[in-house]
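Participant: Please find the sequence and the predicted model below.
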Amino acid sequence: MGTIFFLILFPTVVAILLLVLKADAARDIVVKIACAAIAAGSIYLAVQYFTKGTQYFDFESHAVNMTMMVIEIILAVIIVVLAIRYKKILAAILAIAQTPLVCWFELTKGHDIEVANNLYFDRLSMIMVLIIGIVGSLICLYAIGYMKDFQHHHAGAPDRRPWFFFLLFLFLAAMTGLVTSNNLIWMYFFWEITSLCSFLLIGYNGLFHKEENEDKVATNNAFRALIMNLGGGLGFAVAIVYLGTYGGTIELNKLLAMGNASQVAVIVAAFLAFAGITKAAQMPFNSWLLGAMVAPTPTSALLHSSTMVKAGVFLIIKLAPVLNGNYAGFMTMMVGGITFLLASFSAISQSNGKRVLAYSTIANLGLIVVCGGIGTAGAVWAGTMLIIFHAVTKSLLFLCVGTAEHNVGSRDIEDLDGLFGKMPRLAMFMMIGIAGMFLAPFGMLISKWAAMVAFVNAPSMFGFENILLIGIICFGSAATAFYWVKWLGKMAAVVAGTKNIQQNVHGSEWFAQGTLVALTIIVCLLFPFISSKIIVPYLNETFGGIADLAISSTNMIIMCIMVAVILLLIVFFFGRTNKKIVNIYLSGVNEGDNLQFEDAFKAPKPLALRNWYMDSYFGEKKMNVIGDILSSVAIIYVLGMIIGFVIGGIGGGM
Amino acid sequence: MNGYVTMIIFVVAYLVLAPFVGGLLAGIDRKITARMQGRVGPPILQPFYDVGKLFEKEPITVNKVQDFYVLCFFIFILATGAFFFAGLNLLLVIFTLTIASVFLIVGAFSSNSPYAQVGAERELLQMMAYEPMVLLTAIGFYIFSGSFDVSAIVNLSGMPFFYLIGIFVGFVFILTIKFRKSPFDLSMSHHAHQELVKGLVTEYSGKTLGLIEIAHWYENIFLLGFVFLFFCNGTWWGYLIGVVVCLAAYFLEVLIDNSFARMKWQVAINSAWIVALCLGIGNLFILKFLLMV
């Protein structure tokens, strides 16, 4: 338990320290030490409880509850003040709607509810803590070098890096709290802090700036994220109050123990799943995550890979046992499925690297959400694997795009032409990241495979939704392959006459990316171990055993061998040839440099190659409209029914 | 133990025989095509002579990395077929095929040549067009037989074909794309005089090109294996029907090749996806319904 406290309190202390440290050198050292300590702490915590299974900690403290409530009220006041200052009244309304609700509940009904265990640590928390501790701190490390460049590029703006690092570390602390809280009020507290942190990080270039320095887009996008997440927070608050009032508990494990047939549990699960859907940026709430990339790259990397959106899918995966085979699960899987398909399509039409990554995140989260919504052991296996692989590869890709942007001057994939020559190491890293995202035998594909099997095997409520989801995953993965390979191809292109410019990249950036590359490969090679030692025991505890794994151990071993074969092939054959190098074919009019051809007037003309975007098929706007409508229908249908039932029930009782 | 021995025999047989059968089929294809066009046509063994000649060419390349990608493509195409004939999981087979295709495409991209790159993009589009149907085929087999393993499907007592007719038709439809036949030979074509030169493989020559050709023979045999699977029912006459239908399907593809002009890429993706939606998913619904009753 002590290590959990350390992982919550230490980053908080570091955050406050970084807020007051103004000197670059001091900050560098503090960040480096803190990152090492957090990563080490999370590994130590995992080792400590590796063999112990789920542990609960009572840790009863009135003072902690009171402190949390006071902080919550202060945060609500801050939100209201900012909302009024920036004329975003909706944010104020949502804050006013939920904080008093939770406080009222805590002081009245909640006061009488006995909480046996406030904290817990199980293998799913272990996975999350490792992701937060290792991937999260690598991103913070990367931020040291990146933010120096960033400050350099924004020379006129005041240096607000202390604020930036304060938020990063606070985020890590809140995430650790979120994944280890058994008391739902505690979880809600951390949930709200992550919402607020992401709001402030997205608004880094906008909020609190003087008029002339303010990036209006940043302010607006920050508020959009805040409003959507406060909406989810309201769902969370309603869930707590309902659970406390009708279920007589506010503990997560007791909620899960009620099972998927309990009426109270289903209603609570539906509201919590709604909160998860907003946080995981599912349609119709996906716009906040796309808007989030106005912030500096470490923010995007953090939001997309190890924190924020992962909190949303963590909650949904956690709730799987009560989502299985009921309306709450139906809503969850429909929203996830629709999001996966349409976000994958949208990604095809994007040329901005960060937007491709964002849509791919939304799509992958969609798949995880479907897995949680199906709620069988097989589906949860797939969802958990997706969380792990996605965290590692997506953070790697974001950090690579960030570095490319600072050195090439653009984040547009079309401008990354010839990156293989300009920044060979970065291009290789990106290629590994992309391969990890979708290609067999690398991780993500294994999860998709398992998800597909889980979809076929899941018992069906209406008889049609499984086939629908299978169709969705078949078409969605075809689209996924398309947008990744065209990017991969761009990275692989060997363009003549490029100059190596990668020596300007900061050491901290290389270190973070290199470690993530190593992690990607290690996770791909060791995933059968992760499955048998961490995920399967978790499933055994949660679902009372898993009938059989979607992917047999023989197939897992074959996949690992394939990874190894590819690595060996790269080591022994990549870039080695004794053949004579000749020019490419340009209809016989190659000027000799592979870059120009002779036009009809005998003048040299440069050749340019561009990718396909298929806007008329997969235009972003169209996809978003369709997705928003369909997913809204699913949410309104289920939540509407539940709210009607609840109000009817209360009315009937009177 | 006995299972492993048969497995190894099948894999070795595939690795040794597939290029001969594949090459022979290619030769027959050229002969039939010639006859359809009123020509005499080359000898049946011409494809082997062609590849032999490719291996004697001067070794040249446009960059240092291209050959690596082709090597990987070759290895993984062989692995795909080997997994299939070893009786392993259908999804594993499909995913291995995908990685092989990706290597070929990335190799073409790496040349930074306009013809190769446009070919690569079109190949990608074709991949996107056929992949849903291929995956749905595997799912269909799974719902019918309860297993993704080829070894289990081969020994079923009922013939999958009768329950998966829609999926069978859909699969034969996308076979046109996979065999690179007109009207969907967008990314590279064996017919001369096209706007894309040799598309995807424009920048390959000599041995490398020969390897790609041999890989295609392997791939074609593996794809026909998929067709064969529809007719397996554990008896010798089921296998016989399977082989006959494979040959008939191959002939059909040759016929289609010669009776259609190449179409636009929009037609390829539209038609393949509509087929996957209607025949593939439609068939799954009906199958699920049949199994419930």
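Facilitator: Cool, the structure landed.
Participant: and the residue of the stretch 401-550 of chain A found nearest chain B, how many neighbours?
Facilitator: Residue nearest to chain B within the stretch 401-550 of chain A (CB to the nearest CB): residue A:489, separated by 3.1 Å. No exception for glycine: its C-beta is placed from N, CA and C like everyone else's. Residue A:489 has 25 neighbours, counted by other CB atoms under 10 Å in any protein chain shown.
Participant: ok, now how distant is it from residue B:106?
Facilitator: Computed as CB to CB, to the nearest Å, the residue A:489 to residue B:106 distance reads 6 Å.
Participant: Now do the shared contacts for those two.
Facilitator: residue B:120 (CB atoms under 8 Å, 6 or more residues apart in numbering or on different chains).
Participant: Name the nearest residue to residue A:557, sequence neighbours excluded.
Facilitator: Of all residues not flanking residue A:557 in the chain, residue A:528 sits nearest, at 6.7 Å (CB to CB, 6 or more residues apart in numbering or on different chains).
Participant: Residues of the stretch 151-293 of chain B that sit close to chain A?
Facilitator: B:197, B:202-203, B:269, B:273, B:276-277, B:280-281, B:284-285, B:288-289, B:292 (CB under 8 Å from any CB of the partner chain).
Participant: Tabulate those (TSV), appending neighbour count.
Facilitator: Listed next are these as TSV, based on neighbours: other CB atoms under 10 Å in any protein chain shown:
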residue	neighbour count
B:197	19
B:202	23
B:203	27
B:269	20
B:273	19
B:276	29
B:277	17
B:280	29
B:281	25
B:284	24
B:285	15
B:288	16
B:289	12
B:292	8
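Participant: Tell me which of those fall in helices.
Facilitator: B:269, B:273, B:284, B:285, B:288, B:289, B:292 (DSSP state H).
Participant: could I get the helix or strand where residue B:91 lies in CSV with only the CA atoms?
Facilitator: Assigned by DSSP states H and E, residue B:91 belongs to helix B:90-110. C-alpha atoms of helix B:90-110 as CSV (Å, rounded to 0.1, in the frame of the first residue of the first chain):
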residue,chain,number,x,y,z
LEU,B,90,-7.2,-19.5,-40.9
LEU,B,91,-6.9,-16.1,-39.3
LEU,B,92,-3.2,-16.7,-38.7
VAL,B,93,-2.9,-17.6,-42.4
ILE,B,94,-4.8,-14.4,-43.5
PHE,B,95,-2.7,-12.1,-41.3
THR,B,96,0.5,-13.7,-42.6
LEU,B,97,-0.7,-13.1,-46.1
THR,B,98,-1.3,-9.4,-45.2
ILE,B,99,2.2,-8.9,-43.9
ALA,B,100,3.6,-10.5,-47.1
SER,B,101,1.6,-8.1,-49.2
VAL,B,102,2.6,-5.2,-47.1
PHE,B,103,6.3,-6.0,-47.7
LEU,B,104,5.8,-6.1,-51.4
ILE,B,105,4.0,-2.7,-51.3
VAL,B,106,6.5,-1.0,-49.1
GLY,B,107,9.3,-2.3,-51.4
ALA,B,108,7.6,-0.6,-54.3
PHE,B,109,7.2,2.6,-52.3
SER,B,110,10.8,2.5,-51.3
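Participant: quick one: is the helix or strand following that helix near chain A?
Facilitator: Downstream of helix B:90-110, the first helix or strand assigned by DSSP H and E is helix B:114-145. Yes. Against chain A, helix B:114-145 shows contacts by CB under 8 Å from any CB at B:114-117, B:120-121, B:124-125, B:127-129, B:131-132, B:135-136, B:139, B:142-143.
Participant: how far does the lowest-mean-pLDDT helix or strand in chain A sit from the chain's center?
Facilitator: Taking mean pLDDT, DSSP states H and E as the measure, chain A has helix A:109-112 as its least confident helix or strand, at a mean of 81. Here helix A:109-112 is found 34 Å from its chain centre; the criterion is CA atoms, centre = their mean, to the nearest Å.
Participant: just checking, what packs against the helix or strand just after that helix?
Facilitator: Proceeding N to C from helix A:109-112, the next assigned helix or strand is strand A:119-121, under DSSP H and E. Applying 3 or more CB pairs under 8 Å, 6 or more residues apart in numbering or on different chains; DSSP states H and E, one finds that strand A:119-121 makes contact with strand A:55-57, helix A:161-180.
Participant: quick one: pLDDT of the residue of the stretch 1-150 of chain B found nearest chain A?
Facilitator: Nearest residue of the stretch 1-150 of chain B to chain A (CB to the nearest CB) works out as residue B:109 at 3.1 Å. With respect to pLDDT, residue B:109 scores 93.
Participant: who touches it in this structure?
Facilitator: A:488, A:489, A:490, A:492, A:493, B:116, B:117, B:120.
Participant: and what of residue B:118?
Facilitator: Residue B:118 neighbours (CB under 8 Å, 6+ apart): B:196, B:199.
Participant: Show me where chain B dips below the pLDDT cut-off.
Facilitator: Counting by pLDDT under 70, chain B contains low-confidence residues at B:1, B:192-193.
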